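S.K.: could you look at this predicted model? Sequence included:
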Amino acid sequence: MGLYRISRNIEASSIDYLKSNLQIDWNIDRVEKTFSRIYKIELPSVCIRVGETIHNKVQIGDDSTIRDVHVLINIFATSDGQRLDMKDYIIKKVKNGMDYYDYEIENGQVKNKTKNGRIKVLTINETLVNFGIDKNDLDIHDRYRHLIDLTISLGRVEE
């Protein structure tokens, strides 16, 4: 069995958390980690991926770090109204953090996940994705996009 490392655990934990909440509250289960999948599925949908990571030194003369990770949440909606409602909903759900899991993988499938802390949200930035051209000229998936950029931390020192 293989194990995900920290970045993939953060990504998978975020996907699981939002997917379960969107299924309950919006009856949506289309939460993916790659754009290629998003463009093949029905709207509305959400794409979550880990972006830039900064490893901050804990102290001078030591190699230990604490990582700050950008988690990018792209919303693909069917209208401006739905886009605004979904972004407000997602921000409300994530701003207090979420559980962090360690994932065990076998043959490309999750075999087990074990809770191992909390993902703390440090900052939230969000913006309309504007391509600068008429929405009718865009792929239907790109007409009503919104980006939420979370800076998160596990609050752990890494050796």
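M.R.: On my side now, so go ahead.

S.K.: so where does the residue nearest to the spatial centre of the chain fall, helix or strand?
M.R.: For the chain, the residue nearest the mean C-alpha position is Ile48 (3.4 Å; Cα atoms, centre = their mean). Element membership of Ile48, judged by DSSP states H and E, is strand 45-57.

S.K.: show the average pLDDT along that strand.
M.R.: Strand 45-57 carries an average pLDDT of 94.

S.K.: residue ranges for the helices of the chain, please.
M.R.: 6-26, 35-38, 80-94 (DSSP state H).

S.K.: which one, of these, ends up nearest to Asn74?
M.R.: In terms of Cβ to Cβ, the element of these nearest to Asn74 is helix 35-38, at 7.6 Å. In this view, the C-beta of every residue, glycine as well, is placed from N, C-alpha and C.

S.K.: ok, residues contacting the closest one?
M.R.: If you take Cβ atoms under 8 Å, 6 or more residues apart in numbering as the criterion, helix 35-38 is touched by 30, 32, 45, 47, 74, 76, 141.

S.K.: got these as a markdown table, with neighbour count and distance to Val121 columns?
M.R.: Shown next, in a markdown table, are the contacts of helix 35-38 (neighbours: other Cβ atoms under 10 Å; distance: Cβ to Cβ, whole Å):
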| residue | neighbour count | distance to Val121 |
| --- | --- | --- |
| Arg30 | 17 | 23 |
| Glu32 | 20 | 21 |
| Ser45 | 22 | 22 |
| Cys47 | 23 | 18 |
| Asn74 | 20 | 17 |
| Phe76 | 28 | 22 |
| His141 | 21 | 26 |
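
S.K.: hey, what's Ile48 bridged with?
M.R.: Ile73 (DSSP bridges).

S.K.: so it touches Val71, yeah?
M.R.: Yes: the pair formed by Ile48 and Val71 meets the contact definition of Cβ atoms under 8 Å, at 6.6 Å.

S.K.: and for those two, which residues touch both?
M.R.: Residues touching both Ile48 and Val71 (Cβ under 8 Å, 6+ apart): 11, 14.

S.K.: under the pLDDT cut-off, which ranges of the chain? List them.
M.R.: Across the chain, nothing is flagged by pLDDT under 70.

S.K.: so which of the helices of the chain is the most surrounded?
M.R.: Among the helices of the chain, ranked by average contacts under mean count of other Cβ atoms under 10 Å, first place goes to helix 6-26 (a mean of 18).
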